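*Asks:* I would like to see how this sequence folds:
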Amino acid sequence: MQERRDISIPEWPYAWGGPVGTGIIKASADDFIVKETLPFIPEGSGEHVFLWVEKVGENTEYAARVLARCAGIRQRDVGFAGLKDRHARTRQWFSLWLPGMEEPDWSQAETATIKILKTVRHARKLKRGVIAANHFRIRIRNWRGDRVETLRRLEQIGKNGFPNYFAEQRFGRNGQNVNKALALADGKRLKREQRSLYLSAIRSYLFNSILAERVRQDNWNRLLEGDCCQLRHSQSQFWVDDIDDLGLRKRMQDGDINPTGILWGKGEHKEHGRAGVIEKEITGQFPELTELLSQFDLKLDRRAFRAFPGQLQWRYSSPDELEVEFSLSAGSYATALLREMIVIEQTLLNGKAIS
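*Replies:* Now for the predicted structure:
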């Protein structure tokens, strides 16, 4: 049997010339605050109870287990729109399916790290990805850098966006989720949640590799022949036939549309033109990953190469503390924005080293 190579997570290339400062994030949970916004308002009646939950230092799936135990239901009957950072203070919605059941005493689910702020009924389960935006307030401690260049970089990101990389947490500690996924090719059986996590890491790795090549070629934010574009603030997509169309160029410049990269899976592969050549060249370097993904029932999808922060604001609360606030659409990572402006130094949170 041919020895399998170890796949490492590289330093993905920067779009705007690299960081212009250094700093520490997540020195405390209150240095990294995330608030989720849904694209709808719960109706007030129905079989599902929506809980508006604040958690500190806990991951989303742990909170879901706590809520399921309190309600006496299966964890699969608990819904949430997205995974939130553990090393943070976050507010997000959970749904619990309680058909014809009385609501439990929710205070029994509360702990020093989990608080239930609001409850309301709704007709349908909260599904993954159903998020209008996540709003971030981040304090960067021990900031060191050039204020003028930092201001320019923030303005540049606000106007032109940043590469929509999947961030480090997607790949696990030292990036090992990708290599752990390859054990599936040897027939290793894993729990469904763990298998999904590892397969997502593979798709994310392939996407980042394609985006990285577009960044190296300086065309991640420009139209290429064969690009599939996605409308900003929408999942609607269309293939580009004429990159010289002045209307499309203007929409691209304004950030109304963004080129996309493949999230590998089953479906009709329509890659063509120069954009398709890049995708095929990069994915062709990792046949063990594409072959593994083809064995599982993951639906082919696409993801925008470019992300834009909404409501971007910043201020220096002291000479060595920079605070930034912004909103991002579902699936985009705050740390992917931060890496374009600072080198994030390692720090301690509750006595443990984190990145």
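*Asks:* isn't Arg144 right up against Gly23?
*Replies:* Yes. Using C-beta atoms under 8 Å, Arg144 makes contact with Gly23 at a distance of 7.0 Å. (Each C-beta comes from the backbone N, C-alpha and C, glycine too.)
*Asks:* chain center to whichever strand or helix holds Ala275: distance?
*Replies:* Assigned by DSSP states H and E, Ala275 belongs to helix 273-283. Helix 273-283 sits 24 Å away from the centroid of its parent chain (C-alpha atoms, centre = their mean, to the nearest Å).
*Asks:* same for that helix, what does it pack against?
*Replies:* helix 192-216, strand 257-263 (3 or more C-beta pairs under 8 Å, 6 or more residues apart in numbering; DSSP states H and E).
*Asks:* Can you give me the buried ones in that helix?
*Replies:* For helix 273-283, a neighbour-count test (16 or more other C-beta atoms under 10 Å) marks 275-276, 278-279, 282-283 as buried.
*Asks:* of all the residues you listed, which two lie farthest apart?
*Replies:* Ala275 and Thr283 (12.7 Å; C-beta to C-beta).
*Asks:* now this protein, which segments are flagged as low pLDDT?
*Replies:* For the chain, applying pLDDT under 70 flags the ranges 1-4, 346-355.
*Asks:* one more time with 80
*Replies:* 1-6, 174, 185-193, 297, 346-355 (pLDDT under 80).
*Asks:* okay, now the domains of it?
*Replies:* Per automatic domain parsing, the domain ranges recorded for the chain read 40-122, 164-307.
*Asks:* got a markdown table for these, with distance to Trp314 too?
*Replies:* Output for the domains of the chain, formatted as a markdown table (distance: least, C-beta to C-beta, whole Å):
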| stretch | distance to Trp314 |
| --- | --- |
| domain 40-122 | 19 |
| domain 164-307 | 17 |
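*Asks:* Trp218 falls within a strand, correct?
*Replies:* Actually, residue 218 is Asp. It isn't Trp. No. Assessed with DSSP: H, G, I helix; E, B strand; the rest coil, Asp218 is coil; it does not lie in a strand.
*Asks:* Can you give me the distance of it to Pro13?
*Replies:* Distance, Asp218 to Pro13, by C-beta to C-beta, to the nearest Å: 10 Å.
*Asks:* now swap in Trp143 and tell me
*Replies:* From Trp143 to Pro13 the distance is 24 Å (C-beta to C-beta).
*Asks:* more crowded one of the two?
*Replies:* Trp143 (21 against 17; other C-beta atoms under 10 Å).
*Asks:* element containing that one, please.
*Replies:* Going by DSSP H and E, Trp143 is in strand 133-145.
*Asks:* Buried residues, the next helix or strand after that strand. List them.
*Replies:* Next helix or strand after strand 133-145 toward the C-terminus (DSSP H and E): helix 147-160. Residues of helix 147-160 classed as buried: 150, 153-154, 156-158 (neighbour count, 16+ other C-beta under 10 Å).
*Asks:* Looking at those residues, which is nearest Gln176?
*Replies:* Ile157 (30.1 Å).
*Asks:* how far away is the residue lying closest to Cys229 once chain neighbours are set aside from Arg189?
*Replies:* Excluding its sequence neighbours, the residue lying closest to Cys229 (C-beta to C-beta, 6 or more residues apart in numbering) is Ile257, at 4.4 Å. Distance, Ile257 to Arg189, using C-beta to C-beta: 42 Å.
*Asks:* Check Tyr62 too.
*Replies:* 24 Å.
*Asks:* Pull up the gap between Gln230 and Asn219, please.
*Replies:* Taking C-beta to C-beta, one finds Gln230 at 16 Å from Asn219.
*Asks:* Which of these two has more residues huddled nearby?
*Replies:* Between Gln230 and Asn219, counted using other C-beta under 10 Å, Gln230 has the larger neighbour count: 20 against 17.
*Asks:* for the more buried one, helix, strand, or coil?
*Replies:* Going by three-state DSSP: Gln230 is strand.
*Asks:* quick one on the thing from earlier: so what secondary structure elements neighbour the strand holding Trp143?
*Replies:* strand 21-24, strand 32-37, strand 310-318, strand 321-328, helix 334-338.
*Asks:* ok, residues contacting it?
*Replies:* Residues outside strand 133-145 that contact it (C-beta atoms under 8 Å, 6 or more residues apart in numbering) are 19-25, 27, 30-37, 82, 84, 310-311, 316-317, 320-330, 334, 338, 342, 345, 347.
*Asks:* Can you read off the backbone torsions of Gly265?
*Replies:* phi 180, psi -170 (degrees, to the nearest 10).
*Asks:* What distance do you get for it to Pro42?
*Replies:* Taking C-beta to C-beta, one finds Gly265 at 31 Å from Pro42.
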